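Peer 1: Structure for the following, please:
(one chain, ligands or ions: 1)
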Amino acid sequence: MRVLVIGSGAREHALLLALRRDPEVDALAIAPGNAGTAAVADQYDVDITSGEAVAKLAQKLESDLVVIGPEVPLVLGVADAVRSAGIACFGPTKDAARIEGSKAFAKDVMAAAGVRTARSEVVDNPARLDAALDRFGPPGGESAWVVKDDGLAAGKGVVVTTDRAAARAHAASLLDSGHPVLLESFLDGPEVSLFCVVDGESVVPLLPAQDFKRVGDNDSGPNTGGMGAYAPLPWLPDGVVTRIVDDIVKPVAAELVKRGSSFSGLLYAGLAITSQGPAVVEFNCRFGDPETQSVLALLETSMGRLLFAAATGALADEPPLQWRDGAAVTVVLAAENYPARPRVGDVITGSEADGVLHAGTNRRDDGAVVSSGGRVLSVVGTGTDLSAARDAAYALIKSIRLPGSHFRSDIALAAAEGRITL
Ligand code: GLY
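Peer 2: Modelled structure (predicted):
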């Protein structure tokens with residue numbers, strides 16, 4: 001099977017490594033990729049927002065399967081263009097990708113499917129902002145304001161705060177730049193990311209994971225695209241994944257089919273495990289980053305075969321997934337000043353070891369690997385349990401040098417120490 005992966009993050013690097021382990025995959029390409037992915041796959045330059053350009057590249061490479069990593073091309077309909085060119089594509093249509101691209105659409109689908117989620121309101125008129133803020137957040141029983149960009153914002157459009165002035169300032173700045181604001185009630189309880197391979201009404205869950213969105217230890221500082229993740233979740237009781245699939249993901253997949261927007265690809269349920277059970281924080285239409293780096297490190301099933309089955313409507317015939325025992329922990333190495341205005345162009349050493357996945361990296365003409373984005377590397381450690389996986393990840397990240405870089409020191413720590421309770 002000849003596979004083309006679209007994207008340039010550590011998530012795509014993890015996808016390539018999983019695909020490379022599959023004996024059925026005999027040619028692997030990536031566009032546009034980064035300094036790390038070039039060592040794993042043939043690398044091509046392409047405008048990933050152009051369906052025509054991606055479909056043309058896939059035709060030139062005689063790809064059997066295109067796997068689209070990021071949400072932006074999916075929301076723009078790049079998967080539709082690939083399918084129209086007669087090539088199997090892992091990734092939803094533009095129509096189905098609205099589950100991530102439009103929070104209002106997602107809320108409507110969830111309401112119709114009877115799925116628990118946060119109460120919400122879209123504000124697009126600054127004159128209505130103050131009254132809307134009064135309906136959400138303290139002092140009315142909620143423990144925080146949750147203010148989101150109603151469109152795509154790579155995780156950074158979200159502010160969760162107990163400070164009304166900060167909530168207001170974020171909402172006002174989104175409105176000033178022409179972005180409608182979504183206010184949500186705060187869902188209390190530990191978060192779970194559950195990735196499901198979906199093809200119409202067939203749903204296959206991967207291992208549950210948890211990510212760390214704030215930049216600093218103990219969940220301090222602003223939200224980021226994700227600073228680390230681990231899988232599986234030792235504190236999640238048996239049966240909760242089945243309950244999430246049966247009560248949340250399957251009803252949403254069925255509702256999308258009913259609306260003529262059948263989903264094919266990776267449906268990512270971001271959930272809070274509240275005292276009343278799981279509730280949806282958000283749906284995404286693609287693999288999450290950095291959870292993918294941990295989840296795929298434990299997958300034994302052939303990845304190419306699984307994604308091809310979903311892309312061709314044959315997921316229901318696939319055997320159950322096989323997983324390695326143990327745990328995986330991912331720690332993100334971020335550039336100086338991330339998430340504000342990350343410094344780029346610094347030389348990185350030690351980034352070519354096993355377990356180091358690249359995101360914001362380029363290779364310079366002189367051969368040096370240099371930083372080119374905010375989240376630069378994902379370092380993945382595996383072990384018999386979370387403590388062993390943490391030790392492996394932190395030993396590896398400490399061997400890497402990037403001036404001014406930073407990482408969280410507490411990824412998976414509370415779970416490893418048994419401090420997460422429901
Ligand atoms: N882990 C957060 C995201 O991928 O959106």
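Peer 1: make it CA atoms for all contacts and neighbour counts henceforth
Peer 2: Noted.
Peer 1: Check this protein for its longest strand and report it.
Peer 2: Longest strand in the chain by number of residues (criterion: DSSP state E): strand 264-274.
Peer 1: Report the central residue of this protein.
Peer 2: Central residue of the chain (Cα atoms, centre = their mean): residue 288, 1.4 Å from the mean position.
Peer 1: Please name the strands paired to the longest strand of the chain in the sheet, noting orientation.
Peer 2: Taking DSSP bridges as the criterion, strand 264-274 forms sheet pairs with strand 191-199 (antiparallel), strand 277-284 (antiparallel).
Peer 1: Tell me which of those strands sits most buried.
Peer 2: Most buried of the strands paired with strand 264-274, by mean neighbour count (mean count of other Cα atoms under 10 Å): strand 191-199, with a mean of 25.
Peer 1: average pLDDT across that one?
Peer 2: The pLDDT scores in strand 191-199 average 98.
Peer 1: helices and strands around the helix or strand following it, which ones?
Peer 2: For strand 191-199, the succeeding helix or strand toward the C-terminus, using DSSP states H and E, is strand 202-205. Packing partners of strand 202-205 (3 or more Cα pairs under 8 Å, 6 or more residues apart in numbering; DSSP states H and E): strand 191-199.
Peer 1: Indicate whether the longest strand of the chain makes contact with the ligand.
Peer 2: No. Using Cα under 6 Å from any ligand atom, we find that strand 264-274 stays clear of the ligand, coming within 8.3 Å at best.
Peer 1: can you give me the helices in this structure?
Peer 2: 10-20, 51-60, 71-76, 78-84, 98-101, 103-113, 129-135, 164-176, 240-244, 250-258, 291-297, 303-311, 386-397, 413-416 (DSSP state H).
Peer 1: Which of those helices comes out lowest on mean pLDDT?
Peer 2: The minimum mean pLDDT among the helices of the chain belongs to helix 129-135 (a mean of 89).
Peer 1: Can you point out the buried residues in that helix?
Peer 2: Using 16 or more other Cα atoms under 10 Å as the test for burial, helix 129-135 gives 129, 133, 135.
Peer 1: hmm, who's touching it?
Peer 2: For helix 129-135, contacts defined as Cα atoms under 8 Å, 6 or more residues apart in numbering pick out 121, 123, 145, 164, 168, 171-172, 183.
Peer 1: Please save the CA atoms from it in PDB.
Peer 2: C-alpha atoms of helix 129-135 as PDB (Å, rounded to 0.1, in the frame of the first residue of the first chain):
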ATOM      1  CA  LEU A 129     -21.300  40.500  25.800                       C
ATOM      2  CA  ASP A 130     -21.700  41.700  29.400                       C
ATOM      3  CA  ALA A 131     -25.200  40.300  29.800                       C
ATOM      4  CA  ALA A 132     -24.000  37.000  28.400                       C
ATOM      5  CA  LEU A 133     -21.000  36.900  30.700                       C
ATOM      6  CA  ASP A 134     -23.400  37.300  33.600                       C
ATOM      7  CA  ARG A 135     -25.300  34.200  32.600                       C
END
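Peer 1: Please tell me how far it is from the chain's geometric centre.
Peer 2: 30 Å (Cα atoms, centre = their mean, to the nearest Å).
Peer 1: Near the closest residue to residue 414 other than its chain neighbours, how many other residues are there?
Peer 2: Spatial nearest neighbour of residue 414, excluding adjacent residues (Cα to Cα, 6 or more residues apart in numbering): residue 420 at 6.2 Å. By other Cα atoms under 10 Å, the residues close to residue 420 number 15.
Peer 1: Residue 420: what's it in contact with?
Peer 2: Neighbours of residue 420 in contact, by Cα under 8 Å, 6+ apart: 190, 235, 414.
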